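Colleague: generate a structure from the sequence data that follows.
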Amino acid sequence: MRKANPFVATIFFIAIFLLYTPLFYLILQTFLNNPYDLKSGFTFRWLLKLFHSPSLLEPLMNSLEIGVLSASLAVTVGTFGALGLFEFSALLPTTIQSLIMLPILLPEVITGLSLLLFFLLLHIELGFATVVVAHASFSASFVYFIMLEQLKKLDPQMAEVAQDLGAKPHQIFWKVTLPNILPGMMGGWLLAFTLSFDDFLISFFTSGAGLTTLPLKIYSLMRIGVTPELNGLSFLMICISTFLVLLLVSKEQSRKWVLRG
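Modeller: Numbering: from 1, shown residues only. Coordinates of the predicted model:
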């Protein structure tokens, strides 16, 4: 058994402290009468004011809807791409692998500009649909590589046993392959949702004039200063993100318990 290294442990806890202290301070500011005075007393009015502020709630709902749809589309494309190319992944030329990885490596400003030019070339009106497609187009690559690693962990003998027992290809997929790759799909969906939800540059290029996402709205508000409602909005998004992470962890833990019997 390896002994714990005090120096490494100290560096780790310092890093955790530096990462989470600003988040805890932001949460504290959400419940202060004066966000910049710790002695001003606690209140819920900033959260209540947030729920009565259509100028913030509408961009929030837009970002949530775009995130859910683009993540679902990215998981579908990335999963089927990984399933289709898994058997040939070792034989694929480096050029093909590089093309799949390109959306990950390209700067977002280049991706956003190229998508804008593509939509204009096809005379597609910029709006909700173009943002969903744009977000899914770059997050699908992340999902593809996550699912590729998930498929490598899958025991190929399970599909062979199911086939020997008379299962048809679609039954093997739904009853054998899908349940075993589902944790990877959930992790890919969560990553794709996060990438979509906090994206600014690609949304800026592909949203057009009639759609405002939350990052775009926050950027416009930052020009006039940070308001307490923004602190409340940030607290709400921390709660949503924490819930999604806990849900993913609980699902994975439940799966491990089931496999252990």
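
Colleague: pop the domain breakdown of this structure in here.
Modeller: 1-43, 54-260 (automatic domain parsing).

Colleague: could these be laid out in CSV, adding mean pLDDT and mean neighbour count?
Modeller: Glycine gets a C-beta too; all of them are placed from N, C-alpha and C. Converted to CSV, the domains of the chain look like this (pLDDT from 0 to 100; neighbours: other Cβ atoms under 10 Å):
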stretch, mean pLDDT, mean neighbour count
domain 1-43, 81, 11
domain 54-260, 81, 16
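
Colleague: pull the contacting residues for T130.
Modeller: L115, F119, I124, T206, S207, G208 (Cβ atoms under 8 Å, 6 or more residues apart in numbering).

Colleague: quick one: these as CSV, columns for distance to A9 and secondary structure too.
Modeller: Shown next, in CSV, are the contacts of T130 (distance: Cβ to Cβ, whole Å; DSSP: H, G, I helix; E, B strand; the rest coil):
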residue, distance to A9, secondary structure
L115, 45, helix
F119, 50, helix
I124, 53, coil
T206, 45, helix
S207, 45, coil
G208, 50, coil
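
Colleague: just give me the closest of those residues to E58.
Modeller: Closest approach to E58 among these (Cβ to Cβ): S207, at 13.2 Å.

Colleague: in contact with the nearest residue to the closest one once chain neighbours are set aside, which residues?
Modeller: With sequence-adjacent residues excluded and distances taken as Cβ to Cβ, 6 or more residues apart in numbering, S207 is closest to V131, at 5.2 Å. Shown in contact with V131 (Cβ under 8 Å, 6+ apart): I66, S70, I202, S203, T206, S207, L211, T213.

Colleague: ok, the second one - contacts?
Modeller: So that's S70. S70 touches V131, V132, V133, A134, H135, A136, S139, A192, F193, S196, counting by Cβ under 8 Å, 6+ apart.

Colleague: and these as JSON lines, adding distance to I16 and secondary structure?
Modeller: Listed next are the contacts of S70 as JSON lines, based on distance: Cβ to Cβ, whole Å; three-state DSSP:
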{"residue": "V131", "distance to I16": "34", "secondary structure": "helix"}
{"residue": "V132", "distance to I16": "35", "secondary structure": "helix"}
{"residue": "V133", "distance to I16": "37", "secondary structure": "helix"}
{"residue": "A134", "distance to I16": "34", "secondary structure": "helix"}
{"residue": "H135", "distance to I16": "30", "secondary structure": "helix"}
{"residue": "A136", "distance to I16": "33", "secondary structure": "helix"}
{"residue": "S139", "distance to I16": "27", "secondary structure": "helix"}
{"residue": "A192", "distance to I16": "26", "secondary structure": "helix"}
{"residue": "F193", "distance to I16": "24", "secondary structure": "helix"}
{"residue": "S196", "distance to I16": "27", "secondary structure": "helix"}
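
Colleague: of these, just say which sits nearest to K175.
Modeller: Nearest member of the contacts of S70 to K175, counting by Cβ to Cβ, is A192, at 25.5 Å.

Colleague: ok, the closest one to A167 distance?
Modeller: 30 Å (Cβ to Cβ, to the nearest Å).

Colleague: likewise S98?
Modeller: 37 Å.

Colleague: before we move on, what about L106?
Modeller: In terms of Cβ to Cβ, L106 sits 41 Å off from A167.
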